[in-house]
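>>> Here is a sequence with its predicted model. Questions after.
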Amino acid sequence: QKEVEQNSGPLSVPEGAIASLNCTYSDRGSQSFFWYRQYSGKSPELIMSIYSNGDKEDGRFTAQLNKASQYVSLLIRDSQPSDSATYLCAVGPGNTGKLIFGQGTTLQVKP
Amino acid sequence: DAGITQSPRHKVTETGTPVTLRCHQTENHRYMYWYRQDPGHGLRLIHYSYGVKDTDKGEVSDGYSVSRSKTEDFLLTLESATSSQTSVYFCAISGNGAAETQYFGPGTRLLVL
């Protein structure tokens, strides 16, 4: 069974610090990778998508993909209390829309 | 929410009754999805559609059926609701490429008593 694993947390970091969120996946054929943020009681919203090995930066967010090691990570620089949420990793085969989601990591940013 | 609405937003029903949830999009996207989200299980795909009248099963499709007669509408039906189907249901859409980002609707909270 294809799996996506995340540490459920909570991950607690002080305001201004770097938060590092990790995700591993089991299907070597995976081609598309996504990070979503979900506030309590709300729907998931896209933060980053990444398709190629290496780093992809967008503002304070950096996604890192290593297909050989089958992991994808999300770094949040200068963490803010408003970043406190659950972060979902999603992985897809690329030829269908069947994303597999991890259970999510809860991030707490303390002022 | 990327032009996606879900109705109803909240519903309480009794075991054994049929329930239909509606997802409506204004983005003219080809792909539409139904997920359920439960504590300890994360988001799990129920069914998805890759075009009008084209649907396929997801990870947890038992007890659910779907229909898509128009590009903009994707219906999820619980033929005979059970307490195990108490959950938050999310609809999502993506564009013409299967690998494209999925955008989520606001969700429907369903309680089956």
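Great, that's in hand.
>>> for chain A, what are the nearby residues on chain B?
Counting by Cβ under 8 Å from any Cβ of the partner chain, chain B comes close to chain A at B:1, B:31, B:33, B:40-45, B:48, B:50, B:56, B:58-59, B:90, B:94, B:98-99, B:101-107. C-beta: built from backbone N, CA, C; applies to glycine.
>>> which of those count as buried?
B:1, B:31, B:33, B:42-45, B:48, B:50, B:58-59, B:90, B:94, B:98-99, B:101-105, B:107 (16 or more other Cβ atoms under 10 Å in any protein chain shown).
>>> got a pLDDT number for residue 79?
By default, I'm working from chain A. On pLDDT, A:Ser79 comes in at 97.
>>> could you do chain B instead?
Confidence at B:Glu79, expressed as pLDDT, is 93.
>>> One more: the one 5 residues further on?
You'll see B:Ser84 listed with a pLDDT of 96.
>>> Quick one: residues contacting it.
By Cβ atoms under 8 Å, 6 or more residues apart in numbering or on different chains, the residues touching B:Ser84 are B:Val112.
>>> Show me what from chain A comes close to chain B.
Going by Cβ under 8 Å from any Cβ, the residues of chain A near chain B are A:31-32, A:34, A:36, A:42-46, A:49, A:51, A:88, A:90, A:92, A:94-104.
>>> Count the residues that sit near A:Met46.
Residue A:46: Leu, not Met. 15 (other Cβ atoms under 10 Å in any protein chain shown).
>>> cool, and A:Thr105?
Taking other Cβ under 10 Å as the neighbour definition, A:Thr105 ends up with a count of 22.
>>> In terms of helices and strands, where is the spatially most central residue of chain B?
Centre of chain B computed as the mean C-alpha position; nearest residue by Cα atoms, centre = their mean is B:Trp34, 2.8 Å away. Under the assignment given by DSSP states H and E, the secondary-structure element containing B:Trp34 is strand B:31-38.
>>> Pull the residues that contact that strand.
Residues external to strand B:31-38 that are found in contact with it (Cβ under 8 Å, 6+ apart): A:97, B:21, B:23, B:25, B:43-50, B:58, B:60, B:64, B:66, B:68, B:74, B:76, B:85, B:87-96, B:98, B:100, B:102, B:107.
>>> continuing past that strand, what's the next helix or strand?
Counting by DSSP H and E, the next helix or strand C-terminal to strand B:31-38 is strand B:42-51.
>>> contact partners of that next one?
For strand B:42-51, the external contacting residues (Cβ under 8 Å, 6+ apart) are A:44, A:88, A:90, A:96-99, A:101-104, B:30-38, B:55-61, B:64-66, B:68, B:74, B:76, B:89-90, B:98.
>>> give the contact list for A:Tyr71.
A:22-25, A:65.
>>> Point me to the helix or strand that includes A:Asp55.
strand A:54-58.
>>> what's the burial count for the residue nearest to B:Pro18 when sequence neighbours are not counted?
Nearest-residue entry for B:Pro18: B:Glu79, 5.8 Å, with adjacent residues in sequence omitted and distances by Cβ to Cβ, 6 or more residues apart in numbering or on different chains. Each residue near B:Glu79 was counted by other Cβ under 10 Å, and the total is 12.
>>> Would you confirm that B:Glu79 contacts B:Gly63?
Yes: taking Cβ atoms under 8 Å as the contact criterion, B:Glu79 and B:Gly63 are neighbours in contact, 7.1 Å apart.
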